[in-house]
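fold the following.
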Amino acid sequence: MNDSNDYLYSSELIDYLTPAVQIKADELARGMKSEKDLLKRIYLFVRDDIAHSNDIEADELTASASDVLCAGHGLCYAKAHLFAALCRYHKIPCALCYQRIRSGDGIVLHGLNAVWLREEQRWARLDARGNKNGINADFSMKAEKLAYEINASKGEEDVEGFFADTPASVADFLTKEWALDEARLAYPDAL
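The predicted structure is shown next:
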């Protein structure tokens, strides 16, 4: 692991220094007595209250945490930015992680997060993609309960590493100006 401080900074897409993200982060922390309780509240908010853009057939892409919060939706990558921003605002080291999963006839990247559990000195991956028929991710610090179970026989895989900032292929994809129906044909497949 890199220094956990690498996973605490604000960036263009993980923009927790914006007022909207700070207000929401403070709101989510009200009444929380432990870091684990706060993580669960953040996770459930991003998973359940922020829609996946495809699930609601949104017309536009969101990229930064503040964009996602304002629009109320994002693709998995953008939702991971919001989750990371809310965690990092509270000084919880949070990384971006990726899987290569089958979608239709091809392979695409799927974005999720990992949080550094200080007491256990290990990472725990969490996937706040949003549940729907056939996808049932859940909050767990023990066993992973991700949106997608990797099937290596179909060419799927977990991408190695924990990323402090958004890889260029994902950032370029999210910040390009196009409608979601166009974007669906161009999801990134590698970092």
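
so where do the helices sit in the protein?
Using DSSP state H, the helices of the chain run over 19-29, 35-44, 65-71, 76-89, 168-175, 180-183.

and stretch 100-112, end to end?
As for stretch 100-112, its first-to-last residue distance stands at 11 Å under the measure Cα to Cα, to the nearest Å.

buried stuff in it?
Buried residues in stretch 100-112, counted by 16 or more other Cβ atoms under 10 Å: R100, I101, I107, V108, L109, H110, G111, L112. (C-beta placed from N, C-alpha, C; glycine too.)

list the contacts for the spatially most central residue of the chain?
For the chain, the residue whose C-alpha lies nearest the mean C-alpha position (Cα atoms, centre = their mean) is A80; its distance is 1.4 Å. For A80, the contacting residues are L96, C97, G111, L112, N113, A128, taking Cβ atoms under 8 Å, 6 or more residues apart in numbering as the criterion.

and the gap between it and L126?
Per Cβ to Cβ, to the nearest Å, A80 is found 9 Å from L126.

between the two, what contacts are shared?
Contact criterion Cβ under 8 Å, 6+ apart; residues bridging A80 and L126 by contacting each: L112, N113.

before we move on, back to that, leaving aside the residues adjacent along the chain, what's closest to the residue nearest to the centre of the chain?
Distances taken as Cβ to Cβ, 6 or more residues apart in numbering place G111 nearest to A80, at 4.3 Å, with adjacent residues excluded.

verify the contact between that neighbour and K79 for me.
Yes - counting by Cβ atoms under 8 Å, G111 sits close enough to K79 to count as a contact (7.5 Å).

now for the top strand by length along the chain, which elements pack on it?
If you go by DSSP state E, the chain has its longest strand at strand 106-117. With contacts taken as 3 or more Cβ pairs under 8 Å, 6 or more residues apart in numbering; DSSP states H and E, strand 106-117 sits against helix 76-89, strand 94-103, strand 122-126, helix 168-175.

pairing partners for it, with directions?
The pairing partners recorded for strand 106-117 under DSSP bridges are strand 94-103 (antiparallel), strand 122-126 (antiparallel).

gap between the two ends of stretch 42-54?
Using Cα to Cα, the two ends of stretch 42-54 sit 21 Å apart.

buried ones in it?
I42, Y43, F45, V46, R47, I50, A51, H52, S53, N54.
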